[in-house]
Structure formats: structure tokens, C-alpha cells
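> Dropping a prediction and its sequence here:
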2 protein chains.
Amino acid sequence: MSAGNAFYAQSGGVTAVINATACGLLEAARRRSKRIGKVFAGRNGILGALHEELIDTSLESDADIAALRHTPGAAFGSCRYKLRSLDEQAREYRRLIDVFAAHGIRYFFYNGGGDSQDTAHKVSLLSARLDYPVTAIGIPKTVDNDLPFTDCCPGFGSVAKYVATSTREAAMDVASMAETSTKVFVLEVMGRHAGWIAAAAALAQEKPGDPPHILLLPEAPFHQERFLAKVRQTVQKRGYCVVVASEGTRYEDGKLLAEAGGKDAFGHAQLGGLAPLIAGLIRSKLGHKHHWAVADYLQRSARHIASAVDVEQAYALGQAAVDFALAGKNAVMPTIKRLSDAPYRWTIGEAKLSRVANVERKMPKSYLSADGFGITAKARRYLAPLIEGEDPPPYRNGLPQYVRLHNRLTPKKLGPFEV
Amino acid sequence: MSAGNAFYAQSGGVTAVINATACGLLEAARRRSKRIGKVFAGRNGILGALHEELIDTSLESDADIAALRHTPGAAFGSCRYKLRSLDEQAREYRRLIDVFAAHGIRYFFYNGGGDSQDTAHKVSLLSARLDYPVTAIGIPKTVDNDLPFTDCCPGFGSVAKYVATSTREAAMDVASMAETSTKVFVLEVMGRHAGWIAAAAALAQEKPGDPPHILLLPEAPFHQERFLAKVRQTVQKRGYCVVVASEGTRYEDGKLLAEAGGKDAFGHAQLGGLAPLIAGLIRSKLGHKHHWAVADYLQRSARHIASAVDVEQAYALGQAAVDFALAGKNAVMPTIKRLSDAPYRWTIGEAKLSRVANVERKMPKSYLSADGFGITAKARRYLAPLIEGEDPPPYRNGLPQYVRLHNRLTPKKLGPFEV
């Protein structure tokens, strides 16, 4: 069999380590150049395939590809573009196959969350139907940590480490000031549907009573009175109170506290601004001086404080994707399989895309403390290894040195396509 | 002369390196134990002196004192409490001298911003008037970088490094997503009266056109139309736009933008929150999808990404305070004196407290670009060395390991005092 080319695309919200996955994949492909020819990367994700904007990664130096391992963001651009069913978007799926055929692409690697695994799955189905063989491999990525069948999702461990570190540091600030100034601090973190990220803030605790004192999680409905009572009690007992709130914090009826903004391209409510809301509530009901922070993109791009475990797993999954493809596997996603908590040991597993697609993994009930404001020892055992180890980027002039690829497009062979 | 005791207090908003100053001071005092007896630290700053809550630092181990160098927050507690004139608060100043006399305190070290230098100055005046000799040394500290006579203020370099790093990282995120999603990102940083911190974000730029594309500084009055035109133009040209805004951004008439905040979903006036305000403006006027972040305490407590230069200077100033005191200097503040920009060289200088007190240093006009949305090469030469070098804390279980002192109080000798 002559070498087939490959297509790789990054999808959805980026992470501190999605480029580490790209690095693992591209380095593995370069080592297997007898089996894999060129790897084209989609410019701005799957849109790059639809528009035939294919970045020729063979034109990037080995050193620049290696530097992807420590570079945040999506080196080739990402997009929020969900392909719906094969029937609804037959034209788009067909176009993908056309572009793949025009460029000798036999391997499709799609690096993203649940939606992306769904797309990869559909490409595999269509490929069979059209008799144009494409090996489709999904590669997990999401700071939300909500994909099933994998112990964790690359990107999550680094956000977790950032959030736990920032919580520990900011809490020391609040503790210093509480006597005459700020008594309550609210940090808003990501997590639309699942509280994994906010839960990770609890890793900042070294002993009971340490901050963060209150977590607000989507899994535990928000009761204003119970929340305020807990804040009041904490300030009385500890002198100050640190709250870490998921953007997806909601009432019993499912309505988001932060629901106010617009909707994003997927039709999801655009969140943000929960922290000032909570802080305002505390001021008006309890009269405490407060401060609040919204980490937003800072948390998912903070490569400077990435988890070494996360980087290693992200890289390994990129490598595994190539191994799977060359081993003749199709319509699968490499996963992280945990072998033990302490010492933490893991290996690469696999899941069928047909089972992964569009399944959302919430935090198990057993991870939430009885009052819903904290996490259990079981949750702690799960979370702790994921933030282990430091893997700082190189620095120049006092700042992390990140690579910018040349991202040269390969000449088009097809006519234009309207998305 | 027998050894006199010393009093040290931390004042005002804390920084990532104020404990490095404490470390420098305490280690220097321990080395000079023939001249300086015990160093008492004020519990919660100067309040500790007024309440006679004196932490006996001699009860802390050398290892714990050494660990202060890499620990953020204020290890002994800080406070926002300004002593006004000697006439207005004669009782409080008198109490300070009483407490000092009761505990054999001959050295007063006050670590803070402009107000603290003013207090230290007044203590020196009163000490002379009451004929109870106290050597009063002010030690600079403030993330705002607004003290005069010192090239920079400890705490600023680390915030600058945090803000520049975070801006660089978040900008890569926005650049990745801009094709189909977020086009404008707004990061709000500290700086009520001076734009030093926002200006430092510009260090993230490697070449013209790099993000951050727009700085909003208190020194450059906000004009809505000019700002929106610049955002529109940047999105057209670069595909996205990154804005870093000082919390002190204001209109021509001096009114803060953040004071014009709306009401939140609970109907409360929204306090602070310049970033959501700016982001909302952009959405409503330009229709761009946006994200925003408010770094708040995260920025000034981020010891994990402290500037090595900043840590070193903070430590050196603590040491210098002891040297000054033992050299018979009084009513002075050790300063940072820049000898050259590149290579960066500095030494310790000194300033009279009588001149430092209550003078605020804004950014010079020559540091602002013509349109007010950026900084000049001159500003860059000033700022660049201050973020140089990394000085990571030790990590345990994936998190920075910070010290907590025992903070045991020495027995009281005086009656209670109402502040």
C-alpha cells in the first residue's frame, strides 16, 4: 500500500495542550513516513477541509513541530462548527470526501469534544457508504472533562492546575486583607454543564477548613438562602470566605444564574458574569466587602502552569491516534485508562466513536459532599493525579516563548464551496 | 548599645513578593542579632501595633522564614488603615510609641505604599518630639508602581509578568477561535490611578500588530467613538482584537467608566466590572462575539509566575532596610535605582520619607503612544527588565507550596486600646 495522506483538525474551544496532541500526532506521522505521506491540517478546524484550506505541515521544521508541545491555543486555528446528521448536511459530508479524495487523504484525525467525535463517526460511516476508504480517528480534547469512556480529557488537568493554584494564591491574599477589607472572594470558572473545573479548585485545600470554602457546581442546585447561610457561617468561623463558582451554576429548575447573554454558534447560552452576580448578592444581603474574578480564557490557555500529566497524556493521545490508524483501527477514539490512583498509573485505551458521540459525562453524585458545596475524598483521589507535575515552557525576555507556525496552504484542486 | 527590638508591619493591598521583603528583613536582622533583638511583626499590619498584637518572629524556624521568599499574600496579615495627621490622631501615634516603649522597640519598619511611607515619616517626627528614639524606615511595596523616587515598586514586576503572560496566552486562544467565534477579548487589570499594569501587557507583543491591540489607560481619556473605531479597524485587519483595560479607565471629565455600571440580574448596581461593560459596548455597537476576564486578586497574588527581578529587589529592599537602620539612617526609604536598561543593572538608593509621602507617580506622557492605545519604545525599555527571570516556588502534589507561619503573639504588657 502506498502512503496515504492525512488530515488533522482542531475543533471547538482550545486548551493549553491541544497543540501537544498535534505535536504527538505529527511527530508520530513523521516517524512513519512510509505509511503516512503528508499531514494536512485544517485551517480553522473542519472549515479548512470544507474550504479546501489545507495547511501543509510538511513545510514546518521539526523544531517548530516540537515546540507545539509547549504552545497553547490551536496552532492551525479552531472553529465552532458542528456538522449535523448525514441527511441534513449531505452536501458538507460529501464535500469532505471530495476534498479528501482530491488530496489523497486516507486518514482523518479530528481533535475535539463530543461534537467532534460525532463528526468523525459520521465521516467513517459515509466513507463506507461512498466506498472511499478513510480511516477516521477521534482524539479527545476538552477542558470540560465531559467525554465518556476516557478517564479524563486532555486540557482538563491543566485548567484544574491553574484553577487550584489561582485559588490557593488568591485565598492567601483574601486571608491577608480580611481584617479590615475584603471578606469574600468569588472566582468564576468554566464548566457549562459539569462542575469538574470548579471541583478541582478544592485541590488547593491542605486541611479541612482551608479555602475554597464553597464550591458552586452545576450538579448541586443553587439555593440562595442556603448559600448565604454558608457564607455567613464561614466568615464568622474563618474570618473570610472564598467561593469558586462554575459558570453553569443553576437553580433547581435548571435555569442558569448567569442566563442573560446571547447564544453562541452552537445555540448554547453564552455565559459569564456569574461572579459579579454572586458578589452583588453577598454585598446586598450580608454587607461584606468582596472582590471577584472571572478567569475566562486565562484558565484554558495558561500553558505556563500546565500539568505535566496533562501534557504527557495529550501528546500520547496524538501518537496513539497514528498508531491506531496504522493498525487498521477505524471509528475509534484513543482514551486514557487509569490503572491506579496512587501511585498514578495510566495507559492508552480505546472507545468506539459510535458510543462516544454526544454523550456527556457529569460528575458522579458520589463526588459531591453532602451539602453540595464541596467534594468528597473519592473525588479528590480522582482529581489529584491530573494536576501532577510541572512542564514549564521555555522563557525569553521574561515571557513564555510560544511557536507560530508558517501555516502555508497547499494549492487547491477543487472549486470553491459555500459553507 | 544593647540590642533594641524591631517592629515590622505589612500594609495595604498585598503582592506576590511582599513576603520576600519580610524574608530579606528578617534574615538580615537574624544575622545582626547583636544589634537587633527580636523582630515583632504587626498582626494585620499597623493594627497589630495599636492592639499590641505583636507576632514574635523569633519563634519561627529559619526554614519557614526562608520560605517567605516564595510565598504570596501577607504572612502576618495586612490592613487598610491610614493614620492621618499627628494632630488628628495624636492618640494613635502616642499609642504606637507606648507599645514600642513597652516592648523595647527601637526600629520601626513599615512596608507599604504612599500612605505607609507617610505614617513612617510621622512616627519619626513623633519619636523626636517625645524623645523616645525610634528609627523609622519605610519599605516600598505596591503593585500600582506609583511611588516616587524609586525606579519601580516591588510587586509591580510580578503583576506585569502575570499580565503580559496571560495576555499572550489568552490572545493565542482568541486568535484560534476568531474565524467562527470570539473576535474581541477584554482583560481588566488593576490600576486605579495609573496605567502601569495595563501598559505592561504590551510586553506580550513581539512585533507590531501583535496583541494586545488596544490598551485602555487612566492617563488617556476614554472616547467611545475613537475606541470603537479602533476595535472595528483591528478586527478588520487582524481578524480579532485584544483589549487590556485598567480598572481606572475614565472619561475626559475624570469620571470612571466602571462607575457607570448597570444593574445585575438581582437588580443591584454592578460594582467594578469594567471588562463586562466594555465587552457589552462592543457587542451592542459592533455586534462582535466577545469574551472578557477580570484578573482581580489573581494578578497580584500569582507568585507562581513572579518575576525573578522583582523577587530579588523585594528581598534586597528588606535587607537594605535593616542595613539603613543599623547605619543610623532615619526617616528614609530604600529605593531601586536603575543604572542601565540593557543589560539591566540596578542598585539600592534612598529617599527621604518627608519627600516620598503621599506623592503619586503616574506614567509619563512620553510612555503613551500618540493615539493613547499603546506604549512607546521608551516605555518598553523601562518595563522590559522588570519582568525578567523566573523564580518558581517549590511544588508539592502539583501545587505551589507556600508557608504558613505560626504567628504566635508575644504577651501583652499594656491595657486594651480602642481603634
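That came in fine, so what should we check first? The shown structure was predicted, so the numbers you read here are calculated from the model rather than taken from an experiment. Residues are numbered from 1 along each chain as shown, chains lettered A, B, ... in the order given.
> residue contacts, A:G24?
Contacts for A:G24 (Cβ atoms under 8 Å, 6 or more residues apart in numbering or on different chains) come out as A:69, A:314-321. In this view, the C-beta of every residue, glycine as well, is placed from N, C-alpha and C.
> Mind doing that once more with 10 Å?
Contact analysis of A:G24 by Cβ atoms under 10 Å, 6 or more residues apart in numbering or on different chains lists A:68-69, A:139, A:154, A:311-322.
> Of all pairs in the residues you listed, which one is the farthest apart?
With Cβ to Cβ as the measure, no two of these lie farther apart than A:V311 and A:V322, at 17.8 Å.
> you'd agree A:A49 is up against A:R43?
Yes - using Cβ atoms under 10 Å, A:A49 is in contact with A:R43, at 9.1 Å.
> Which of these two has more residues huddled nearby?
Neighbours per residue, other Cβ atoms under 10 Å in any protein chain shown: of A:A49 and A:R43, the larger number sits with A:A49, 28 against 20.
> How about A:H213: what's its closest non-neighbour residue?
Distances taken as Cβ to Cβ, 6 or more residues apart in numbering or on different chains put A:T234 closest to A:H213, at 4.5 Å, once the chain neighbours are dropped.
> whoops, I mixed them up, A:G195
Using Cβ to Cβ, 6+ apart and skipping the chain neighbours, the partner closest in space to A:G195 is A:L217 (3.1 Å).
> So the one you found sits against A:R192, correct?
No - with contact defined as Cβ under 10 Å, A:L217 does not count as touching A:R192 (11.8 Å).
> In the stretch 1-150 of chain A, what residue comes closest to chain B?
Residue of the stretch 1-150 of chain A nearest chain B, by Cβ to the nearest Cβ: A:G73 (3.2 Å).
> so where does that residue fall, helix or strand?
A:G73 is part of no helix or strand, with elements assigned from DSSP states H and E.
> list the contacts for it?
A:G73 sits next to A:10, A:14-16, A:18-19, A:297, A:300-301, A:303, A:402, A:404, B:168-177 when contact means Cβ under 10 Å, 6+ apart.
> Whichever of those end up buried, select them in PyMOL.
In PyMOL, this line selects whichever of those come out buried by 16 or more other Cβ atoms under 10 Å in any protein chain shown:
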select buried, (chain A and resi 10+14+15+16+18+19+297+300+301+303+402) or (chain B and resi 168+169+170+171+172+173+174+175+176+177)
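> ok, and the closest non-adjacent residue to the residue of chain A positioned farthest from its centre?
Distance from the centre of chain A peaks at A:T180, with 39.1 Å (Cα atoms, centre = their mean). Leaving aside its sequence neighbours, A:T180 sits nearest to B:C79 (Cβ to Cβ, 6+ apart; 4.3 Å).
> what do you get for A:G349?
A:G349's closest residue in space is A:K337 (Cβ to Cβ, 6+ apart), at 3.6 Å.
> Please give me every residue in contact with that neighbour.
Per Cβ under 10 Å, 6+ apart, neighbours of A:K337: A:149-151, A:345-351.
> May I see the ChimeraX selection of the buried members of those?
Buried subset of those, written as a ChimeraX selection, criterion 16+ other Cβ under 10 Å:
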select /A:149,150,151,346,348,349,350,351
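> re the thing from before, for the residue nearest to A:H213, which residues are in contact?
A:183-184, A:209, A:211, A:213-214, A:240-243, A:373.
> And these, which two are furthest apart?
A:K183 and A:F373 (17.4 Å).
> can you list residues touching both of A:A49 and A:R43?
Listed contacts common to A:A49 and A:R43 are A:A9; contacts here mean Cβ under 10 Å, 6+ apart.
> what are the ranges of the helices in chain A?
Counting by DSSP state H, chain A has helices at residues A:18-31, A:46-50, A:62-67, A:90-102, A:114-130, A:156-177, A:196-200, A:224-238, A:274-286, A:297-301, A:308-326, A:353-356, A:377-383.
> Give me the buried positions along the first one.
Of the residues in helix A:18-31, those buried under the neighbour-count criterion (16+ other Cβ under 10 Å) are A:18-29.
> picking that back up, which residues touch the residue farthest from the centre of chain A?
A:289, B:44-45, B:47, B:77-81, B:419.
> Which of those residues scores worst on pLDDT?
Lowest in pLDDT among these is B:V419, which has 86.
> Could you check how many residues crowd around the closest residue in space to A:V134 that isn't next to it in sequence?
Counting by Cβ to Cβ, 6+ apart, A:S127 is the residue found nearest to A:V134 once chain neighbours are left out, at 4.1 Å. Using other Cβ under 10 Å, A:S127 is surrounded by 22 other residues.
> Please tell me how far A:S127 sits from A:A120.
Applying Cβ to Cβ, to the nearest Å, the value for A:S127 to A:A120 is 11 Å.
> Spit out the residues that contact those two alike.
A:108, A:134, A:136, A:331.
> would TSV of those with neighbour count and pLDDT be doable?
Below are the shared contacts of A:S127 and A:A120 laid out as TSV (neighbours: other Cβ atoms under 10 Å in any protein chain shown; pLDDT from 0 to 100):
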residue	neighbour count	pLDDT
A:F108	26	98
A:V134	23	96
A:A136	27	97
A:A331	21	97
